[in-house]
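[1] no sequence for this one, just the structure:
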């Protein structure tokens, strides 16, 4: 029974099927309606009391445990039934902030300012026209990419969606390109680049470990996911790109240099070596299996 219950939780992380009645929902989706925590706690407490009373009845029939079990269930069932039919909040309109379009979930409108502030280290240093490349940032759990505003997702992961978009990178190998270094630099302005570059010559791992350099991205509304390398939303880079980006992060005049050479630096044909004078770094080159 325990295995079956655990399987239900894992196979139904959003709680689409009786999820509010489950003790734990891994990925709350605002589109499925509200799930008030206080009422949910009351429901779980009543279930625990009922389960304890039933356990006592196994040792012999007694009126008090029986009454407690019946009363707990009599309250718990209508509580969960009513809570499961609470009206869904009205959709929140998308908002324009700092050249980006934010589409929050219901009830998350006030968070847009915080999201925009987290991305300001990127939006404040790139040309305004580059921001038009970024798709609307939607707070979907299993909807159209990019998935950026989930609970527990770090600012680094959010930046890893926006940074490659502004420089024109798409998922795939991009080692040794100047725009890859710029995208990593932009990402590093938001949060530290503390991961190790993965070995892209090997197949993706079955299980994604923190700091491995591989990340799991949702693809469809049914919850299908794919494992993609790196922090740049599926863009493959190697250790040399990280070294070069960190060198750029140490330069206090990096923003000025990137703005001045933006057109050349974001050209797919410009390598890091060719852009060394624009970036003001001594480039490190890699020999990994990143599409070269």
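    Great, that's in hand. Keep in mind that what you see is a predicted model, and the values were worked out from it rather than measured. Numbering: from 1, shown residues only.

[2] domain assignment for this structure?
    The record, using automatic domain parsing to delimit domains, assigns the chain the ranges 2-83, 95-279.

[3] what's the straight distance from one end of the longest one to the other?
    Start-to-end span of domain 95-279 (CA to CA, to the nearest Å) is 34 Å.

[4] And the strands in the stretch 151-292 of the chain, which stretches?
    Per DSSP state E, counting those that start in this stretch, the stretch 151-292 of the chain carries strands over the ranges 172-173, 214-218, 225-229, 235-236.

[5] Go through those strands and find the least confident stretch.
    Mean pLDDT is lowest for strand 225-229 out of these, coming in at a mean of 50.

[6] okay, now residue 167: neighbour count?
    Neighbour count for residue 167, taken as other CB atoms under 10 Å: 28. The way it works is simple: take the backbone N, C-alpha and C, and place the C-beta from them, glycine included.

[7] For it, which residues are in contact?
    Residues near residue 167 by CB atoms under 8 Å, 6 or more residues apart in numbering: 130, 179-180, 182-183, 186, 265-266.

[8] from those residues, which is closest to residue 120?
    Nearest to residue 120 among the contacts of residue 167: residue 186, at 11.4 Å, using CB to CB.

[9] give me every residue that touches the closest one.
    Residue 186 neighbours (CB under 8 Å, 6+ apart): 121-122, 125-126, 159, 162-163, 166-167.

[10] would you list the contacts of residue 167 in a markdown table and tack on distance to residue 94 and pLDDT?
    Below are the contacts of residue 167 laid out as a markdown table (distance: CB to CB, whole Å; pLDDT from 0 to 100):
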| residue | distance to residue 94 | pLDDT |
| --- | --- | --- |
| 130 | 20 | 95 |
| 179 | 28 | 96 |
| 180 | 30 | 94 |
| 182 | 27 | 97 |
| 183 | 24 | 94 |
| 186 | 23 | 93 |
| 265 | 30 | 97 |
| 266 | 26 | 97 |
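
[11] Max pairwise distance over those: which two?
    130 and 180 (15.2 Å).

[12] Between the two, which has more neighbouring residues?
    residue 180 (31 against 18).

[13] For that one, which residues are in contact?
    167, 169, 174, 232, 235, 237, 241, 272.

[14] State the distance from the last one to residue 23.
    Residue 272 sits 51 Å away from residue 23, going by CB to CB, to the nearest Å.

[15] Same check on the second one?
    According to CB to CB, residue 169 and residue 23 sit 42 Å apart.

[16] Give me the more crowded residue out of these two.
    residue 169 (23 against 11).

[17] Please name the nearest non-neighbouring residue to the more buried one.
    Using CB to CB, 6 or more residues apart in numbering and skipping residues adjacent in sequence, the residue nearest residue 169 is residue 235, 4.9 Å away.

[18] Can you read off the pLDDT for the nearest residue in space to residue 190 that is not next to it in sequence?
    Excluding the flanking residues, the one nearest residue 190 by CB to CB, 6+ apart is residue 159, at 3.8 Å. Turning to residue 159, the model gives it a pLDDT of 81.

[19] before we move on, what about the one 10 residues further on?
    Residue-level confidence at residue 169 comes out at 93, pLDDT.

[20] OK, contacts around it?
    Applying CB under 8 Å, 6+ apart, we find residue 169 in contact with 179-180, 183, 232, 235.

[21] Now with 10 Å, please.
    By CB atoms under 10 Å, 6 or more residues apart in numbering, the contact set of residue 169 is 133, 163, 177, 179-180, 182-183, 232-235, 237, 266, 268.

[22] swap in residue 58?
    residue 65.

[23] if we can go back for a sec, buried members of the contacts of residue 169 into ChimeraX, please.
    Applied in ChimeraX, the following selects the buried portion of the contacts of residue 169 according to 16 or more other CB atoms under 10 Å:
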select :163,177,179,180,182,183,232,233,234,235,237,266
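
[24] With distance to residue 257 as added columns, please give the contacts of residue 169 in JSON lines.
    As requested, the contacts of residue 169 are exported to JSON lines (distance: CB to CB, whole Å):
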{"residue": "133", "distance to residue 257": "21"}
{"residue": "163", "distance to residue 257": "17"}
{"residue": "177", "distance to residue 257": "17"}
{"residue": "179", "distance to residue 257": "14"}
{"residue": "180", "distance to residue 257": "16"}
{"residue": "182", "distance to residue 257": "10"}
{"residue": "183", "distance to residue 257": "15"}
{"residue": "232", "distance to residue 257": "20"}
{"residue": "233", "distance to residue 257": "24"}
{"residue": "234", "distance to residue 257": "27"}
{"residue": "235", "distance to residue 257": "22"}
{"residue": "237", "distance to residue 257": "20"}
{"residue": "266", "distance to residue 257": "13"}
{"residue": "268", "distance to residue 257": "20"}
